[in-house]
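Asker: I would like the atomic coordinates for the input below:
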Amino acid sequence: MDTVFQAADILLPEKTIDMEKWSVIACDQFTSEPEYWEKVKANVAEHPSTLDMILPEVYLGHDDHEKQLKTIESSMNKYLHEQVFAEYKDAMIYVERTDSSGKVRSGIVGKIDLEQYDYRKKSTSFIRATEATVAERIPARVEIRKNAVVELPHVMLLVDDAGKHVIEPCAFEKESLPLLYDFDLMLGGGHLRGYLLGEKEQERIQKALSFLADAKCFGDKYHVKNRPVLLFAVGDGNHSLAAAKEYYEQLKAAYPDEDLSDHPARYALVEIVNLHSPALQFEAIHRIVTDVDVEDLLSKMSVALHIKKEGKGQTFYTIYKGKKKKCVIDRPTSKLTVGSLQRFLDSYLAQNGGKIDYIHGEDVVESLAKEKNSIGFILPDMGKEELFPTVIHDGALPRKTFSMGHAQDKRYYTECRKIRK
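Answerer: From the prediction side, this is the model:
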């Protein structure tokens, strides 16, 4: 089990580097706000920065795509050769992220074995995706990774550790640990601290993870028998992790006679976070459906899901013609309300046409639902305790099931790792 999450040779900028300019937010944030990324560019200016080693998704599909990829590759090589980095061998880093609300999210940075990760829906691996992986989103990321000499993680893996034995003890151990960085993140991202974990702390972490990965412990915890253990669920960055997996699989296919068991591309740098962290908030993502015959949709939905107006069961609300109505599903097709609704909507839209969009904020749904031939669906927040059982029983969740906090609170690129020999 110790092979699932391991210590890594972690690269951090030398102490002379301005960390506030070095660390930038995950590339898949603010995708419809190019002005945010222009502010990042202006703030970084000529300073060394992870911005030079990523491709913000807001720029995907631009005409200078090839030039951007070459710039990324050049920056990575430059930073390695100019000794911008200091390398910490066989390291794990305990991180404390103070978010925009003042809450502290704790985690541990290390590497995972991609042999133990499978993003497909019926995966039985130790590490699994939490929502359906969109195959079309992987190639662009693979293209970046195959020419990259280092990786920068914004991947967050969730561990269901209600007893708080894996990560939380680090808060008491940190007083005797070397402080690696301590700085404010740019553009309202909060604050970040990182501590280098020692051998004793790493051994404790592995022991706690081994307990969670024990088959009997797993079966008792989730009331299942003979089910493969799920140790980590991908909270953020699944498509980036899927790209790392895909690139590694391509390497294996290209060099079938070579031993790649120790190749750096077999691994990926991640941060593990406790699902039960008070700083980790799950927020519902609502739906708006447009360009449909709403009365027909409601009629067919009522039949398909056996909708009742009251009673117990999976509950959501519709917003149509300015009225908000309660709907109780009497015949669910998923362990989650959003799963039952999404399966119906996917089927209906495939047969009848129409568009669906995914919305944060009930007030936005109410506004959009005022348009002709439109209807909004307000979904309940997903309880944290539902995540692992749903992935175990249903496989990956429906797309856009939940959001883990606001954009500015997502992971910032800070640590790096070499992925070429």
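Asker: now the element after the one helix or strand in the chain whose mean pLDDT sits lowest, going C-ward?
Answerer: The least trusted helix or strand in the chain, going by mean pLDDT, DSSP states H and E, turns out to be strand 402-404, with a mean of 84. Next in sequence after strand 402-404, counting helices and strands by DSSP states H and E, comes strand 412-413.
Asker: ok, residues contacting that next one?
Answerer: 23-26, 50, 53-54, 152-154, 185, 189, 192 (Cβ atoms under 8 Å, 6 or more residues apart in numbering). For the C-beta atoms, the positions are set from N, CA and C on the backbone; glycine is no exception.
Asker: and for stretch 316-330?
Answerer: With contacts defined as Cβ under 8 Å, 6+ apart, stretch 316-330 is touched by 294, 298, 301, 305-315, 337, 340-341, 365-366, 369-370, 375-380.
Asker: and it, which residues are buried?
Answerer: For stretch 316-330, a neighbour-count test (16 or more other Cβ atoms under 10 Å) marks 316, 317, 318, 319, 320, 327, 328, 329 as buried.
Asker: how about stretch 370-380?
Answerer: Buried residues in stretch 370-380, counted by 16+ other Cβ under 10 Å: 374, 375, 376, 377, 378, 379.
Asker: contacting residues for the second one?
Answerer: This points to residue 375. Going by Cβ under 8 Å, 6+ apart, residue 375 touches 288, 289, 292, 294, 297, 298, 318, 319, 320, 369.
Asker: show me where the stretch 151-300 of the chain has its strands.
Answerer: Assigned by DSSP state E, counting those that start in this stretch, the strands in the stretch 151-300 of the chain fall at 156-159, 179-184, 191-196, 232-236, 267-274, 282-284, 286-290.
Asker: now for the first one, which elements pack on it?
Answerer: Looking back up the chat, that one is strand 156-159. strand 232-236, strand 267-274 (3 or more Cβ pairs under 8 Å, 6 or more residues apart in numbering; DSSP states H and E).
Asker: all helices for the chain, in order.
Answerer: 19-22, 34-44, 65-81, 138-146, 170-173, 199-212, 215-222, 238-254, 294-305, 337-352, 362-368, 384-394 (DSSP state H).
Asker: which elements pack onto the fourth one?
Answerer: The one in question is helix 138-146. Against helix 138-146 (3+ Cβ pairs under 8 Å, 6+ apart) you get helix 65-81, helix 238-254.
Asker: out of those helices, nearest to residue 40?
Answerer: Nearest to residue 40, of all the helices and strands packed on helix 138-146, is helix 65-81, at 14.8 Å by Cβ to Cβ.
Asker: on that earlier part again, need the buried ones from the contacts of stretch 316-330 selected in PyMOL.
Answerer: Buried members of the contacts of stretch 316-330, defined by 16+ other Cβ under 10 Å, are picked up in PyMOL with:
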select buried, resi 294+298+301+305+307+313+314+315+337+340+341+365+366+369+375+376+377+378+379
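Asker: thinking again about what came up before, tabulate the contacts of residue 375 (a markdown table), appending pLDDT and distance to residue 228.
Answerer: Output for the contacts of residue 375, formatted as a markdown table (pLDDT from 0 to 100; distance: Cβ to Cβ, whole Å):
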| residue | pLDDT | distance to residue 228 |
| --- | --- | --- |
| 288 | 95 | 37 |
| 289 | 97 | 36 |
| 292 | 97 | 40 |
| 294 | 98 | 43 |
| 297 | 98 | 38 |
| 298 | 98 | 40 |
| 318 | 98 | 38 |
| 319 | 98 | 41 |
| 320 | 97 | 43 |
| 369 | 95 | 42 |
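Asker: just for the stretch 1-150 of the chain, where's the confidence low?
Answerer: Scanning the stretch 1-150 of the chain for pLDDT under 70 picks out the ranges 1-2.
Asker: residue 378 and residue 326, how far apart?
Answerer: Counting by Cβ to Cβ, to the nearest Å, the separation of residue 378 from residue 326 is 10 Å.
Asker: give me every residue that touches residue 10.
Answerer: 87, 88, 91, 93, 109, 269, 415, 416, 417.
Asker: bridging residues for it?
Answerer: residue 88 (DSSP bridges).
Asker: picking that back up, residue 200 is nearest to which of the helices and strands packed on strand 156-159?
Answerer: Closest among the helices and strands packed on strand 156-159, using Cβ to Cβ: strand 267-274, at 18.4 Å.
Asker: that closest one - contacts with which helices or strands?
Answerer: Partner elements for strand 267-274 (3+ Cβ pairs under 8 Å, 6+ apart): strand 5-6, strand 8-13, strand 104-113, strand 156-159, helix 238-254.
Asker: by contact count, what packs against the shortest one?
Answerer: Think strand 5-6. Counting by 3+ Cβ pairs under 8 Å, 6+ apart, strand 5-6 packs on strand 104-113, strand 267-274.
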